[in-house]
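Undergrad: Return atomic coordinates for the entry below.
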Amino acid sequence: MPFGLPITIKDAVEHIHRKEYLLPAIQREFVWSAEQIEKLFDSLMRGYPISSFLFWKVEKRNQKNYQFYEFIRDYHERDSTNNPKANVSGEDAITAILDGQQRLTSLYIGLKGSYAYKLSKKRWDNPSAFPKRKLCLNLLSSSGDTDLEFDFQFKTDEEINLKDENKLWFVVGDIMNFKSLEDAMNYLMENVVGKYPADAMKFANATLCKLYQVVHQSQSINFFLEEGESLDKVLDIFVRINSGGTQLSYSDLLLSIASAEWKDRDAREEITSFVKELNAIGGGFNLNKDFVLKNCLVLTDKEIAFKVENFNETTLRDIEFAWLDITKAIKAAVVLVASLGYQRDTLTSSNAIVPIAYYLKKIGSPENFHISRAFEEDRKKISKWLRMALLKRTFSGQPDNVLRPMRDVIRDFDQNFPLEHLFDKFKGTSKALTFDDDELVNLTSYEYGEAYTYSALAFLYPSLDFRNRFHLDHIYPKWMFTRKELTKQGVSKEDIPAYLESFNSLANLQLLEGVPNQEKSGKKINQWMEETYPNAADRTAYRNKNYIPEMDLTIANFLQFIELRKALLVSEFQHLLR
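TA: Purely as a prediction, here's the structure:
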C-alpha cells in the first residue's frame with residue numbers, strides 16, 4: 001500500500017466535484033460541525049498538518065460489487081444529511097475514500113458548498129431556523145478566539161453584505177476561481193486598497209495570498225493508495241485505522257454488508273430514508289440507523305447483539321423479506337410514542353420503542369392503533385410501561401440484556417400488551433420496574449429543562465390528550481425568581497436562596513395546553529386563576545387537576561406551596577406507580 005503523490009486541496013476538491021472521489025457504503029454520514037470546519041481551515045492557514053488520507057482504487061470491473069455514494073455539498077442539519085447514491089456507470093476506475101471523509105467533505109463544503117445549521121432559539125420544524133451559510137474569511141483582522149488565528153465563519157448572504165469597518169467577509173469558495181496571485185491582487189485593489197487603514201490592508205494582503213497558496217499551491221493532501229480488490233481486506237483496514245478515533249457505529253459497517261446481500265432493495269437508501277421519515281413524526285425524534293437495525297434483529301426474532309456474524313446472509317435476507325412489516329411496526333410504534341407527547345428532547349431512550357414495535361408487529365400493526373377506541377386499554381398499558389421504563393432508566397447499561405427477556409414475554413403472551421408479566425419478569429432484579437418510597441420522592445427532584453421531567457409529569461395527567469401540544473409551565477412564573485424581584489416582593493434575604501433553588505423543581509411545574517399557557521403568559525398564579533376561573537367550583541377543579549394545594553398562592557407562601565404540592569405529587573405517584 002504505497003504513498004501516492006501528494007496533491008493540492010484544489011485538486012482534491014475538483015476530483016470530488018467530478019465524482020472521481022466517492023464514498024463506500026461502509027462510511028458513516030458526515031458529522032462535523034460548522035466549528036470543526038472553521039478550525040480545519042484555520043489549521044491549514046497556520047501550516048499545521050491535517051494527517052494523511054487513505055484512498056482505495058476500485059477498477060471498473062469491480063465497481064458493481066460495492067455501493068458508492070457522493071460527497072455532500074450543501075449540508076442541511078435537518079433536511080440534507082444523507083449522501084446521494086453515486087452512478088458508477090462510467091468507464092474509468094474510481095477512488096473510494098476509506099479514511100478522511102470528514103476532512104474532505106469539510107473542504108468540499110467550505111470551497112464549493114454551504115452549511116445550514118439550526119438557530120438556537122427557533123423550533124426544529126421551522127424552515128427559517130436553518131439559514132444557508134457559506135464559509136467566509138475576515139480579511140481585515142484575526143480571530144478573537146484564543147484557539148483560532150484566522151477568522152473563519154459560516155455566514156448568510158445578508159451577513160456577508162453587512163457593512164462593518166472591522167470586517168470584510170471573503171467567500172472562501174471564490175478563491176477556487178482565482179487563476180494566479182494576480183487575481184488576488186486585483187481583488188484587493190478593488191475591495192481593500194484605499195478603503196481601510198494601512199494595517200488592515202497589510203493584513204488583508206497577507207491573508208488572501210496565504211489562502212491562495214493553501215488551496216492552489218501547497219500539496220497538503222498526502223494519501224496512501226490501496227489497490228487490493230478484497231472487501232475483507234478493505235474492511236480490516238477501515239476498522240483498524242478508525243479504532244483509535246471516534247467510534248464508528250456498527251451500522252455504518254453492517255449497512256455495506258446488507259447492501260451487498262439485499263436483492264430487491266438498496267439497504268442503505270431504505271434505512272437512511274426511513275430514519276428521516278421517523279424523525280419527522282410528531283414533534284420530531286433523534287433516531288438513527290442503529291435503532292432501525294436493532295429493531296430488524298428483534299422483530300425478526302434473531303440474535304440481537306450487534307456483531308458481524310449476526311448479520312449473516314440468512315438473517316439479512318429474512319430482514320429484507322420482512323422489511324415492509326418491520327417498517328410498518330416501527331412507524332406505528334413511533335407514532336404511538338409521539339401521541340403520548342414524546343419527542344427528541346423527552347424520549348430518553350430510543351430502545352424503549354423496540355418492545356412496543358415488537359408487540360405491534362405481533363398483532364399485525366393495526367391501522368390507527370394510536371387513536372382507535374378498540375385499542376384504548378392496550379394504549380393505557382403501553383403508556384404506563386413506557387413512562388415507568390424511562391423513569392427507571394431500564395435500558396441503561398446493557399440494553400440487549402433487557403430487550404431479550406422482554407421479547408420473550410411479549411412473544412409468549414397471547415392476549416393484550418403484557419404489562420403485569422413484564423413487571424413480574426424483572427421483579428427482584430436491578431431492572432425492576434417498581435418504585436420504592438425514596439425513588440418516588442426523588443421523582444419530585446426533577447427540574448425544568450431535564451429530559452426525565454416530562455415522563456414524571458405525564459404520569460400525573462392520565463386524562464390529557466397528549467396529541468395536543470402541551471407546555472411545561474411554571475405555576476409561579478419564573479420571571480419572579482431573581483434576587484431583585486424577590487426582594488421587591490418582600491421575600492427575606494435569608495429565604496431567597498431557597499426560593500431560587502426550588503422554582504424550577506417539579507413541584508412548581510404543570511402541563512398546560514399551548515393556548516392556556518399563552519394566556520397565562522407570566523401572570524401570577526393567583527391573578528390568573530381568578531381571571532380564568534371566576535367560578536369557585538371551577539377553580540377548585542383546576543386545583544385538583546393540577547395538584548395545587550388549597551392555600552393562599554401569593555409569593556410569600558411559595559416555600560410552603562412547594563412542600564405541600566410535593567406531598568400531593570408523592571401521594572399520587574404512590575397511587576400510580578405501585
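
Undergrad: The closest residue to residue 84 other than its chain neighbours: neighbouring residues, count only.
TA: Excluding its sequence neighbours, the residue lying closest to residue 84 (CB to CB, 6 or more residues apart in numbering) is residue 70, at 4.8 Å. Where C-beta positions appear, they are placed from N, C-alpha and C, glycine not excepted. When neighbours are counted by other CB atoms under 10 Å, residue 70 registers 16.

Undergrad: Report the separation between residue 70 and residue 98.
TA: Residue 70 is 16 Å from residue 98, where distance means CB to CB, to the nearest Å.

Undergrad: Check residue 164 too.
TA: Distance of residue 164 to residue 98, given as CB to CB: 43 Å.

Undergrad: Of the two, which one has the most company?
TA: Just comparing residue 164 and residue 98: by other CB under 10 Å the higher neighbour count belongs to residue 98, 23 against 10.

Undergrad: Let's verify the more buried one: helix, strand, or coil?
TA: Per DSSP: H, G, I helix; E, B strand; the rest coil, the secondary structure class of residue 98 is strand.

Undergrad: circling back to that earlier point, am I right that the residue nearest to residue 84 is in contact with residue 23?
TA: Yes: assessed by CB atoms under 8 Å, residue 70 is found in contact with residue 23 at 7.3 Å.

Undergrad: Which residues are in contact with each of these two?
TA: Taking CB atoms under 8 Å, 6 or more residues apart in numbering as the contact rule, residue 70 and residue 23 both touch 83, 86.

Undergrad: Which residue ranges make up the domains of the chain?
TA: 9-133+172-217, 249-434, 464-577 (automatic domain parsing).

Undergrad: Buried ones in stretch 379-398, by neighbour count?
TA: 379, 381-392, 394-395 (16 or more other CB atoms under 10 Å).

Undergrad: for stretch 145-161, same thing?
TA: 148, 150-155, 159-160.

Undergrad: ditto for stretch 162-180
TA: For stretch 162-180, a neighbour-count test (16+ other CB under 10 Å) marks 167-170, 172-173, 175, 178 as buried.

Undergrad: before we move on, what about stretch 475-484?
TA: Buried residues in stretch 475-484, counted by 16+ other CB under 10 Å: 475-477, 480-481.

Undergrad: May I see the residues you listed arranged in a markdown table, with distance to residue 366 as well?
TA: Putting the buried residues of stretch 475-484 into a markdown table (distance: CB to CB, whole Å) gives the following:
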| residue | distance to residue 366 |
| --- | --- |
| 475 | 39 |
| 476 | 44 |
| 477 | 44 |
| 480 | 48 |
| 481 | 48 |
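
Undergrad: For these, work out which two are farthest apart.
TA: Within those, 475 and 481 form the most distant pair, 11.9 Å apart (CB to CB).

Undergrad: Can you list the helices and strands that the helix or strand where residue 35 lies packs against?
TA: Applying DSSP states H and E as the criterion places residue 35 in helix 34-45. Helices and strands touching helix 34-45, by 3 or more CB pairs under 8 Å, 6 or more residues apart in numbering; DSSP states H and E, are helix 101-112, strand 134-138, strand 152-155, helix 198-212.

Undergrad: of all the ones you listed, which lies closest to residue 372?
TA: Among these, the nearest to residue 372 by CB to CB is helix 101-112 (45.1 Å).

Undergrad: And for the closest one, what's in contact with it?
TA: By CB under 8 Å, 6+ apart, helix 101-112 touches 9-10, 12-13, 16-17, 21, 23, 27-28, 30-32, 36-37, 40-41, 50-51, 53, 71-75, 97, 115, 135, 172-173, 175-176, 215.

Undergrad: quick one: which of those residues sit in strands?
TA: Per DSSP state E, strands hold the following members of these: 21, 23, 53, 74-75, 97, 115, 135.

Undergrad: From the residues you listed, list the buried ones, please.
TA: Buried subset of the ones in strands among the contacts of helix 101-112 (neighbour count, 16+ other CB under 10 Å): 21, 23, 53, 75, 97, 115, 135.

Undergrad: Pipe these into TSV and attach pLDDT per row.
TA: Below are these laid out as TSV (pLDDT from 0 to 100):
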residue	pLDDT
21	92
23	86
53	86
75	91
97	87
115	93
135	96
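
Undergrad: closest to residue 311 among those?
TA: The closest of those, once distances to residue 311 are taken by CB to CB, is residue 23, at 20.4 Å.

Undergrad: How about the contacts made by the closest residue to that closest one other than its chain neighbours?
TA: Residue nearest to residue 23 in three dimensions, not counting chain neighbours: residue 69, with 4.6 Å by CB to CB, 6+ apart. Residues near residue 69 by CB under 8 Å, 6+ apart: 22-25, 27, 83-86, 268.

Undergrad: Kindly provide the distance from the spatially closest residue to residue 76 that is not a sequence neighbour to residue 337.
TA: Nearest residue to residue 76 in three dimensions, chain neighbours excluded: residue 116, at 4.3 Å (CB to CB, 6+ apart). Plainly put, residue 116 is 28 Å away from residue 337 if you go by CB to CB.

Undergrad: Thanks a lot, see you next time.
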